[in-house]
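> this is a predicted model, with the sequence first.
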Amino acid sequence: MISENMKMMFEIGLVPLVVIDDAADAVPFGQALVDGGVPVAEVTFRTDACLDAIRAMRQHVPGLLVGAGTVHNVNQADAAVKAGAEFIVTPAFNPAVTQWCIDNGVDIVPGTVSPADIEAANGMGIEVCKFFPAAAYGGVKTLKALAGPFHDMKFLPTGGVNLDNMTEYLDLPNVAAVGGSFMTPSDMVRNKDWAGITATCRQAVHNLLGFEICHTGIHCKTQAEAEDVTDRLCTLLDQEKITIPGVSYFVGTVVEVCYNTLPGEKGHIGIDTRDMERAMAYYKRRGVEYADNGLFYDEQGRVRLAYFKELYHGFSVHLRRKPAAK
């Protein structure tokens, strides 16, 4: 069963790799991740500062999920957990470390790259494996091939994942999240450019969620009023009139004119997202509440529209699952 911490990680969808030489940098580093909307840190055992960095982040950066990466043996795993690590990531499949984590109730994402590794991890009850080095072992193409024989397994690809290709991985149904140092460039760490790391994380979140205004909405009291407004706007904007039976009219794709009861006295603003589930979790982490009866579902039972509770000068705001490209 996936723990609450792992659910949070997979909802975020991004796992920054933290390589830190000076534990004094741990708190500003961790805060930069939180400020960038990626409150996860995989602190690696690549430096002697690892344990002190984990301890400092856990104690002084609220809201940050902190784990240890590049864990090679049980002693390292034990030391990391005692320092405050909430999860363990190994670079390769290590049965001893994996079993120790299972026995001690510690979340682990073991490294795998071959069907043999994945089968062994699956046999131990592991549901999510690291896939490393992803690019060197076929990347997206290989993960697609693994989806058939290992349809119950999900993966955390790292190694060769970057801002340009991250969504190709995240669009795969068997990818739980992506990780790597592309959100924490070494030159920024070396120069203590925490603002730069925050900006890079924000760009990764932007790429993942892909927010964009899809339309504005006008709320009318009657269908006749809505149709009249639509006809006049279509003439004004030289747009096609589109009818959604029993719900609304569209002025092309620019304006929706509604006559059914929706949150917002005056109208609404629609925001498209490329990842509805992670977008909803993103806003929830930021304290956004959803309107009562404000969730609308598609034929597959997925949330299609999600209205926020807060109104903005009489306008509601809703997220919309971005329609698939035709």
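Yep, that arrived.
> quickly find the element holding the closest residue in space to Val38 that isn't next to it in sequence.
Sequence neighbours aside, Cys201 is the residue nearest to Val38 in space, at 4.3 Å (criterion: CB to CB, 6 or more residues apart in numbering). Placement of C-beta: from N, CA and C, glycine included. Here Cys201, judged by DSSP states H and E, is contained in helix 194-209.
> who touches that helix?
13-14, 16, 28-29, 31-33, 35-38, 163, 166-167, 170, 182-185, 188-189, 273-275, 278-279, 282 (CB atoms under 8 Å, 6 or more residues apart in numbering).
> which strands or helices does the helix or strand following that helix pack on?
Per DSSP H and E, the first helix or strand lying C-terminal to helix 194-209 is strand 212-219. The elements that strand 212-219 packs onto, with contact taken as 3 or more CB pairs under 8 Å, 6 or more residues apart in numbering; DSSP states H and E, are strand 255-258, strand 267-273.
> give the burial count for Phe155, as a bare number.
26 (other CB atoms under 10 Å).
> tabulate the helices and strands packed on strand 212-219 (TSV), appending distance to Arg46, mean pLDDT and mean neighbour count.
Shown next, in TSV, are the helices and strands packed on strand 212-219 (distance: least, CB to CB, whole Å; pLDDT from 0 to 100; neighbours: other CB atoms under 10 Å):
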stretch	distance to Arg46	mean pLDDT	mean neighbour count
strand 255-258	52	97	23
strand 267-273	35	97	20
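> residue contacts, Val113?
Counted by CB under 8 Å, 6+ apart, Val113 has contacts 92, 131-133, 137.
> would you map the strands across the stretch 151-300 of the chain?
154-157, 178-180, 212-219, 241-244, 248-251, 255-258, 267-273, 290-297 (DSSP state E, counting those that start in this stretch).
> in CSV, list those along with distance to Thr235.
As requested, those are exported to CSV (distance: least, CB to CB, whole Å):
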stretch, distance to Thr235
strand 154-157, 51
strand 178-180, 47
strand 212-219, 15
strand 241-244, 10
strand 248-251, 10
strand 255-258, 13
strand 267-273, 20
strand 290-297, 30
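> quick check: which of these is nearest to Arg321?
Evaluated over the strands of the stretch 151-300 of the chain, closeness to Arg321 peaks at strand 267-273, with 7.0 Å, by CB to CB.
> what does the closest one contact?
Residues from elsewhere that reach strand 267-273 (CB under 8 Å, 6+ apart): 209-219, 256, 258, 262, 279, 307, 312, 314-322.
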